[in-house]
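K.L.:
build the 3D model from these lines:
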Amino acid sequence: MNLKLNKKIASGYNSPSQIARVLTEDWVKKMVYCPGCGNSLFEYENNRPVADFCCKNCSEDYELKSKKNNIGKKIVDGAYSTMIERLQNQSNPNFFFLNYDLEEYKIKNFVVIPKHFFVPEIIEKRKPLSQNARRAGWTGCNILLQHIPDSGKIFYIKDKQIKTKEDVLRSWQRTLFLRESKKVELKGWILDIMKGIDALGKPDFTLQELYNFENILSKKYPDNKHIKDKIRQQLQFLRDKKYIDFIGRGKYKLT
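P.N.:
Numbers count the residues shown, from 1 in each chain. This is a model prediction of the structure:
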């Protein structure tokens, strides 16, 4: 995988945003494979409202977001109402996030976030445009990357280091079970426990350590009076899906 952008193809453009779009879309089209099956990607026609790329083999769609410097904690996206509608109808695409350095014309980070990690709580509503704006009242949104579990950020390239294709494909398959969860609240619980495991910062952990998140979860789910029971239920689910292993005596480890 070549990390260099082909700056020659943008020689006819003057707008920085257009240059970035042309360079990054060209790079993805030539260098990136589908994380679901490993096959080549195809580019949709310009201005398609749903996605930028597709895999004709497994029918996965991908929307590309690019940003110079660091990716950061949030990514600016389109209309808030459209995004929420997509999530409710489960019609949102997977997202590619690309971070580039235009001084070196080189890719710094490239990550895919599978669509099954997108829930309303990671979508931040921005302030409506002012009455003086051309699209007065239009309301956009941000994607809050810090609310997504680590396993939902599958890197092809991290800090200019290329991950193996086998690692990318394996990471994608590891969390496909989340697509079975049709109810937003149920998926939210699973993701909360996954984020709790991430917060512990180690591959081995105990049930008691996850119980330490009880107060946080109680505030998020005030109607649920059995938080510890719910934590154990989600751990059982994650064990059944081989996301974690049960070692014994309240001890678990990530697979």
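
K.L.:
which parts of the stretch 151-255 of the chain are strands?
P.N.:
Secondary structure of the stretch 151-255 of the chain (DSSP state E, counting those that start in this stretch): strands located at 154-158, 161-162, 204-206, 244-248, 251-254.

K.L.:
wait, which of these is closest to Ser81?
P.N.:
Minimum separation from Ser81 across these (C-beta to C-beta) falls at strand 154-158, 28.0 Å. C-beta coordinates here come from the backbone N, C-alpha and C atoms, glycine included.

K.L.:
number of residues surrounding Gln18?
P.N.:
Other residues lying near Gln18 total 12 when counted by other C-beta atoms under 10 Å.

K.L.:
isn't there a helix covering Asn57?
P.N.:
No. Looking at Asn57 with DSSP: H, G, I helix; E, B strand; the rest coil, it is coil, so not inside a helix.

K.L.:
for it, what are its contacts?
P.N.:
Cys34, Cys37, Asn39 (C-beta atoms under 8 Å, 6 or more residues apart in numbering).

K.L.:
now with 6 Å, please.
P.N.:
Cys37, Asn39 (C-beta atoms under 6 Å, 6 or more residues apart in numbering).

K.L.:
what is the closest residue to Lys4 other than its chain neighbours paired to in the beta sheet?
P.N.:
Distances taken as C-beta to C-beta, 6 or more residues apart in numbering place Lys106 nearest to Lys4, at 5.7 Å, with adjacent residues excluded. According to DSSP bridges, the partner residues bridging Lys106 are Lys4, Asp101.

K.L.:
thought Leu3 was touching Lys106, still the case?
P.N.:
Yes. Here Lys106 reaches Leu3: they are 5.1 Å apart, a contact under C-beta atoms under 6 Å.

K.L.:
re the thing from before, count the neighbours of the residue nearest to Lys4 for me.
P.N.:
Neighbour count of Lys106, defined by other C-beta under 10 Å: 15.

K.L.:
quick one: the helices in the stretch 1-150 of the chain?
P.N.:
16-31, 80-89 (DSSP state H, counting those that start in this stretch).

K.L.:
any weak-confidence spans in this protein?
P.N.:
Applying pLDDT under 70 to the chain flags residues 46-49.

K.L.:
of all residues in the chain, which one is nearest the centre?
P.N.:
Central residue of the chain (C-alpha atoms, centre = their mean): Ile113, 2.6 Å from the mean position.
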